[in-house]
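K.L.:
pasting the sequence and the predicted model now:
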Amino acid sequence: MGTPYNQTSSNRSELKSFEGRILPNQNEDPEDQGLTFDLTTIENRISRRKLLGMFGIGAGSVALAACAPNAPTGPSTASSSQASSAAPASSSTSSTEATSNTLTEMNTETAGPYPGDGSNGPDVLEQVGVERSDIRSSIGGGATASGIPLKLKMNIIDMVNGNAPMSGAAVYIWHCDASGGYSMYSSGLEDETYLRGVQVTDEDGSVDFTTIIPGCYEGRWPHIHFEVFSSVDDITDASNAILTSQIALPAAVCSEVYETDNYADSVVPFSHITLETDNVFSDGWEQQTPEMSGDTLAGYSAKLNAPIDTTTSNSGGGAAPNIGGGPGESSGPGGPGGRPPADMPTPPSQ
């Protein structure tokens, strides 16, 4: 920090200034004048915004750029004012306000016919051990699903509380295996519980799962189901879910994965479906598509943000009591579920 300059009448006209105020430390730029100078600049600009508003001039034309590294340091106040006016209005907007203006609530979707949450029969959420990060094996032993590894991170966002992380929420995910079969439902898998599990969000609102890339079956785009509950105590009743939705896997990832041996049964169904014709994602899938990286040798990582407005009702869920059809076919209550994998039993009516 420079030494404060002695402001005498003889040299006052030669002093460096910023927005009509002489810089107290003449050897420093405006951004290095110290906190007191910055706060005074902010206060002056807030007052100026109010004044300009009286004449119909938008507040966005005046930005708080006191600490901008490229701010002019010369005596001309006109150039300083022009630089200030050219600064984007968003510079005075907090990150929370900006996020609040851009986030929309995650789409709600059907839970499909194979939720395993007790809504149509089988209920994994009452089993001891369902709260786990690695969901590739059945709970308590049994079969392990083979496939290309996937590490999935989900960030649950509380829109009601200023888009803060929703800590303490329970997230239940489930999906089919590499052949398109669902544990607890498919023939031969009725006693298995793999590819189902619950995690509770940490203080950052995040959960992490280790699973596999799901396969593809006729009538549906490759996807992962999930339900969010306010707390782990609520998971024993599927109607407590505050969000039921689905994750759409990126096409490029699916194309790579389905060329590997474990996914031979997925190749033909995947060639028959597009996101535009899928009976769940056809109304929009961008928000439900995660950011992904990796390859078939090392496995993949995925990250998805799930904003939730807890003041709105969860219109998803309601597992279909009758198997939903593929494109152009009818589906039962609760929304379309896609044509089921071979030998899949019809869930009992609700």
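P.N.:
Nice, I can see it. Numbering: from 1, shown residues only.
K.L.:
who touches the helix or strand containing Pro269?
P.N.:
Taking DSSP states H and E as the definition, Pro269 sits inside helix 267-271. For helix 267-271, contacts defined as C-beta atoms under 8 Å, 6 or more residues apart in numbering pick out Gly180, Cys216, Tyr217, Glu218, Gly219, Pro222, Cys254, Ser255, Tyr258, Glu259. (C-beta placed from N, C-alpha, C; glycine too.)
K.L.:
quick check: phi and psi at Asp234.
P.N.:
phi -90, psi -10 (degrees, to the nearest 10).
K.L.:
just the one 3 residues further on next, same as before
P.N.:
Main-chain torsions, Asp237, degrees, to the nearest 10: phi -130, psi 110.
K.L.:
residues touching it, list them.
P.N.:
Asp237 touches Gly118, counting by C-beta under 8 Å, 6+ apart.
K.L.:
can you check the one 3 residues further on too?
P.N.:
By C-beta under 8 Å, 6+ apart, the residues touching Asn240 are Phe229, Ser230, Asp234.
K.L.:
what's the distance between it and Asp295?
P.N.:
39 Å (C-beta to C-beta, to the nearest Å).
K.L.:
helix, strand, or coil at Leu189?
P.N.:
coil (DSSP: H, G, I helix; E, B strand; the rest coil).
K.L.:
ok, of the contacts of Asn240, which one's closest to Thr244?
P.N.:
Phe229 (10.2 Å; C-beta to C-beta).
K.L.:
excluding residues flanking it in the chain, which one is nearest that closest one?
P.N.:
Among residues not flanking Phe229 along the chain, Ala170 sits closest, at 4.3 Å (C-beta to C-beta, 6 or more residues apart in numbering).
K.L.:
which of the contacts of Asn240 tops the neighbour count?
P.N.:
Phe229 (24 neighbours; other C-beta atoms under 10 Å).
K.L.:
correct me, but that residue touches Ala169?
P.N.:
Yes. Phe229 is within contact range of Ala169, at 6.5 Å (criterion: C-beta atoms under 8 Å).
K.L.:
can you give me the helices in this structure?
P.N.:
35-54, 77-86, 95-102, 251-257, 267-271 (DSSP state H).
K.L.:
where among those is average confidence lowest?
P.N.:
In terms of average pLDDT, helix 77-86 trails the rest of the helices of the chain, at a mean of 34.
K.L.:
low-confidence ranges in this structure?
P.N.:
Scanning the chain for pLDDT under 70 picks out 1-14, 18, 20, 31, 33-101, 317-350.
K.L.:
outline the domain layout of it.
P.N.:
For the chain, automatic domain parsing gives the domain ranges 15-92, 100-308.
K.L.:
which of these sits most buried?
P.N.:
domain 100-308 (a mean of 19; mean count of other C-beta atoms under 10 Å).
K.L.:
strands of this structure, start to end?
P.N.:
Assigned by DSSP state E, the chain shows strands spanning 17-18, 21-22, 149-158, 164-165, 170-174, 196-200, 206-212, 223-229, 243-248, 291-295, 299-308.
K.L.:
the fifth one to strand 149-158, inter-axis angle?
P.N.:
Between the axis of strand 170-174 and that of strand 149-158 there is an angle of 140 degrees, by axes from the mean of the first three to the mean of the last three C-alpha atoms, to 10 degrees.
K.L.:
cool, thanks, signing off.
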